[in-house]
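In: coords please:
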Amino acid sequence: MTTLNHSPHILLIYTGGTIGMIENPITGALENFEFSQFKKYVPELQGFNFDIDALSFDLPIDSSDMEPRYWVKIAHIISDHYQNYDGFVLLHGTDTMAYTASALSFMLQNLGKPVIITGSQLPIGRLRTDGKENLLTSIEIAAATDSRGRPMAPEVCIFFENRLMRGNRTTKINAEGFNAFRSFNLPSLAHAGIHIKYEEHLIRRPEPGAVFKPHFLLDNNVMILTLFPGIRPEVVDACFAVRGLRAVILKTFGSGNAPQKPWFMDKLRALIDRGVIVVNVTQCYKGSVEMHRYGTGLQLLQAGVVNGYDSTMESVLTKLMFLLGHDYPHNEIVRLMNTDIAGEITV
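Out: Have a look, this model is predicted:
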């Protein structure tokens, strides 16, 4: 724990992504640079009165190649170094950052130290990069403590363009602008201006005496079916016939509504009767699933579809992988999907 006499010790973990790339002067292509040279491109790091160490994936990956085995690798890195550092800053590509943040929020149970995930839209070597500000503020947040020496934000968070957001509530919304991420159903945990203002009443802390417990089991036998006007029975059949399928995320309209076509409901009931878990998530960024509100949603509830409430799709996907990976009984998975276990839903 950080005290007045203790210099914060922060670990940077580089997985890949735009923030850690420089432009080849000959080809113009973006290439990963040696992480050991990182301080050369960010000399401002020397201004921190912190001990900052860094490590990198042996082969940095583009975030579009991110998958569960890398989440396990990240969880192992944090677990292996947990006792030696006050906070962690994970540098990650933006495309799948919200998935990684969501997965880690479930995998790092009783987390008592900050895990701040950040990246950039422009490489850190560019003059107009957003990477430096994101990196430097993320480090400051990871090291910040309150008057009692407790970490200010002991959660898995995403920091991007002046906002600190709970990782499992965050979605990428912009492929071009610096304001790439938003948390629509939960206010930001902190805003960075001249000062960093924390919303302490929103920040989660582990129960007193709770022991940090990492988890490494995930099952990706999950799929997403996005409903759309005119969806054909053959499309639904192809999705539901996937071999080994254990869970389906149903992206519905509005407050959780689906077509009332008899063929669709028959196929859905048959899927649920097979023991496949179906979770209802709205296609809207903001708002919550309310299946009892309209008949088009009530039919799903009566068929046994699980309420996804105001979860992000990234959160529901990774939560299902986490619960299925631990091979909980069917009823227990349904119960936990209806339970807020890492701040991911408002029940």
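In: Check for me that His191 belongs to a strand.
Out: Yes: judged by DSSP: H, G, I helix; E, B strand; the rest coil, His191 forms part of a strand.
In: Could you give the number of residues near Ile341?
Out: 15 (other CB atoms under 10 Å). No exception for glycine: its C-beta is placed from N, CA and C like everyone else's.
In: could you list every residue that touches the spatially closest residue to it that is not a sequence neighbour?
Out: Nearest residue to Ile341 in three dimensions, chain neighbours excluded: Phe106, at 7.0 Å (CB to CB, 6 or more residues apart in numbering). Contacts for Phe106 (CB atoms under 8 Å, 6 or more residues apart in numbering) come out as 168, 215, 318-319, 322, 341-342, 344.
In: I'd like the residues you listed laid out as TSV, including secondary structure.
Out: Below are the contacts of Phe106 laid out as TSV (three-state DSSP):
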residue	secondary structure
Asn168	helix
His215	coil
Thr318	helix
Lys319	helix
Phe322	helix
Ile341	coil
Ala342	coil
Glu344	coil
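In: Dump those into CSV; add pLDDT and distance to Asp65 as well.
Out: Listed next are the contacts of Phe106 as CSV, based on pLDDT from 0 to 100; distance: CB to CB, whole Å:
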residue, pLDDT, distance to Asp65
Asn168, 98, 21
His215, 98, 22
Thr318, 98, 17
Lys319, 98, 22
Phe322, 98, 21
Ile341, 96, 28
Ala342, 97, 25
Glu344, 98, 25
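In: Got a quick PyMOL command for the buried subset of these?
Out: Entered in PyMOL, the line below selects the buried ones among the contacts of Phe106, by 16 or more other CB atoms under 10 Å:
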select buried, resi 168+215+318+319+322+342+344
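In: Return the member of the contacts of Phe106 nearest to Asp273.
Out: Ranked by distance to Asp273 (CB to CB), the contacts of Phe106 are led by Lys319 at 23.0 Å.
In: Was I right to think that closest one contacts Asp340?
Out: No: contact criterion CB atoms under 8 Å: Lys319 and Asp340 do not qualify, at 10.5 Å.
In: neighbours around Ile26, how many?
Out: Ile26 - counted by other CB under 10 Å - has 6 other residues nearby.
In: With adjacent residues omitted, what lies nearest to Cys239?
Out: Counting by CB to CB, 6+ apart, the residue nearest Cys239 is Leu225, at 5.0 Å.
In: Run through the residues that contact the one you found.
Out: Contacts of Leu225 (CB under 8 Å, 6+ apart): 236, 239, 248-251.
In: Repeat that for Phe181.
Out: Contacts for Phe181 (CB under 8 Å, 6+ apart) come out as 94, 97-98, 158, 160-161, 163, 165, 170-174.
In: Go through these and give me the one with the most neighbours.
Out: Going by other CB under 10 Å, Ile158 tops the contacts of Phe181 with 34 neighbours.
In: list the buried ones in stretch 236-256?
Out: So, applying 16+ other CB under 10 Å, buried residues of stretch 236-256: 236, 239-240, 245-256.
In: Low-confidence regions, this protein specifically.
Out: For the chain, applying pLDDT under 70 flags the ranges 1-5, 22-25, 28-38, 124-127.
In: That one: helices as residue ranges?
Out: Under the criterion DSSP state H, the chain contains helices at 38-41, 68-81, 97-107, 131-143, 233-240, 262-273, 295-303, 313-325, 330-337.
In: for the fifth one, packing partners?
Out: Using 3 or more CB pairs under 8 Å, 6 or more residues apart in numbering; DSSP states H and E as the contact definition, the elements that helix 233-240 packs against are strand 222-226, helix 262-273.
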